[in-house]
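S.K.: Would you be able to build a 3D model of this:
(one chain, ligands or ions: 1)
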Amino acid sequence: MKPFCRDTWVEVDLDAISANVASFRRHIPETTGIMAVVKADGYGHGAVHVGQEALRSGADSLAVAMLDEAVVLREAGITAPVLVLGYTPVDSVETASRLGIELTAYHADWIIQANERIEQAGAKPIGIHIKTDTGMGRLGVRTAEELLHVVRALEQSPFLDWTGIFTHFACADEEDTTHVRRQHQQFQELLAALREAGKTLPRVHCCNTAAAIVFPEWGYDTIRLGIGLYGLYPSPFLKQRAQVKLVPALSLKTRISHVKTAAEAMTVSYGATYTAKPGETIATLPIGYADGFSRSLSNRGFVLHEGRRSPIVGRVCMDQIMVRLNGASAKVGDEVVLYGRLGTEEISLDEVAELVGTINYEIPCMLNYRLPRVYRKDGKVSEVFHPLTMT
Ligand SMILES: Cc1ncc(COP(=O)(O)O)cc1O
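M.R.: Numbering: from 1, shown residues only. Here you go, the predicted structure:
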């Protein structure tokens, strides 16, 4: 039986994931580990499949945004260390204890309450990474005094183990390195304050993809590799520098569901915003904004058919789009590439992000449960996972 009934799918090249891990492995110090960031369901690529491939390829831990995402990894049989990067409500700490998930903390009160809950539950201790805010302005302690207060709370919490300390950079992907250097300096000062107070540092980490590319010497115990794992550069500026070779892992493909040639002028889609001229070939494709294919690509985006770029014409609908094909040989069932390569042509996530007015991170994260994922390994299909029908 066909694993999915609509011929529109995400294709994830696990060989690219593996190659991207290897590229960073060569770029960072030997003593620095790789924490693969698979939050947001692997930036839309599938957290379990990407996490497993990253671990097979040299990553030694995984990171997610929330505890629920970590539960999915454990339920899939992943036993590697998993860190929750975001805030976890204290009433969820037993789950982290049961599954051996590390959490992020930056409040002494939270630490005291978490310790009490784990003790009351008779559960096993959990690892805690302290988050420092050196200039991201999001989560974390900001001063040495706050940091030492949190450390002391941890030291008085027998059911919590201090296993890490980290910070997150706000501008590491920019050409001007003033802000990122200031953040790193602040992070170093916080680490120095801990040493001066006689503390033994746990795992230290600060680099996201951008900082790992530009400042591999700041790798410390591990980098937190997100967008680069998926073969995308954090910014157009870093893509130009290309110090690390990356291979995009994601493609989005579909098949033509209808083809017609305009006998006379013919309007296309809602709002009749496009009028096909006589003789133009218009194809309908089964994908729309309800799949996470942005409506702002209406009359702006392109697709690849028979190795040629064809424009999206008319408004993107909830479930379908129309394109003007440049080859009259088009027929129902022909494969069309919406994101990715075909021959020498490519529609990159960077291009789509530019058209949509966002960053490349958001484009794959928008792709949702309606799209099955076809995983390829060693050049052939290794598995199909359909979020809509498979739990
Ligand atoms: C705390 C934290 N750490 C790391 C990442 C990964 O960033 P990139 O995708 O830019 O590598 C995200 C994040 O929120």
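
S.K.: Indicate the residue of the stretch 201-350 of the chain located nearest to the ligand.
M.R.: Going by CB to the nearest ligand atom, the ligand is nearest to G226 of the stretch 201-350 of the chain, at 2.2 Å. The C-beta positions use only the backbone N, C-alpha and C, and glycine is treated the same way.

S.K.: can you check the stretch 251-391 of the chain too?
M.R.: Counting by CB to the nearest ligand atom, the stretch 251-391 of the chain gets nearest the ligand through Y361, at 6.5 Å.

S.K.: which residues sit in contact with that residue?
M.R.: Y43, I227, L232 (CB atoms under 8 Å, 6 or more residues apart in numbering).

S.K.: check contacts around the residue of the stretch 201-350 of the chain closest to the ligand.
M.R.: Going by CB under 8 Å, 6+ apart, the list of residues near G226 reads V37, K39, Y43, N208, T209.

S.K.: and L148, how many neighbours does it have?
M.R.: Other residues near L148 come to 17 when the count uses other CB atoms under 10 Å.

S.K.: what helix or strand is it on?
M.R.: L148 belongs to helix 144-155 when assigned by DSSP states H and E.

S.K.: Report the mean per-residue pLDDT for that helix.
M.R.: Helix 144-155 carries an average pLDDT of 98.

S.K.: cool, stretch 56-63 as well?
M.R.: 98.

S.K.: Around the ligand, which positions in the stretch 101-250 of the chain sit nearby?
M.R.: H168, N208, T209, A210, R224, L225, G226, I227, G228, P234 (CB under 6 Å from any ligand atom).

S.K.: can you redo those residues as TSV with secondary structure, pLDDT and distance to C5?
M.R.: TSV is the format used below for these (DSSP: H, G, I helix; E, B strand; the rest coil; pLDDT from 0 to 100; distance: CB to CB, whole Å):
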residue	secondary structure	pLDDT	distance to C5
H168	coil	98	41
N208	coil	98	39
T209	helix	98	36
A210	helix	98	40
R224	strand	99	38
L225	strand	98	35
G226	coil	98	33
I227	helix	98	32
G228	helix	98	35
P234	coil	98	37
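
S.K.: Just the closest of the residues you listed to R181, please.
M.R.: Of all these, R181 sits closest to A210, with 13.0 Å by CB to CB.
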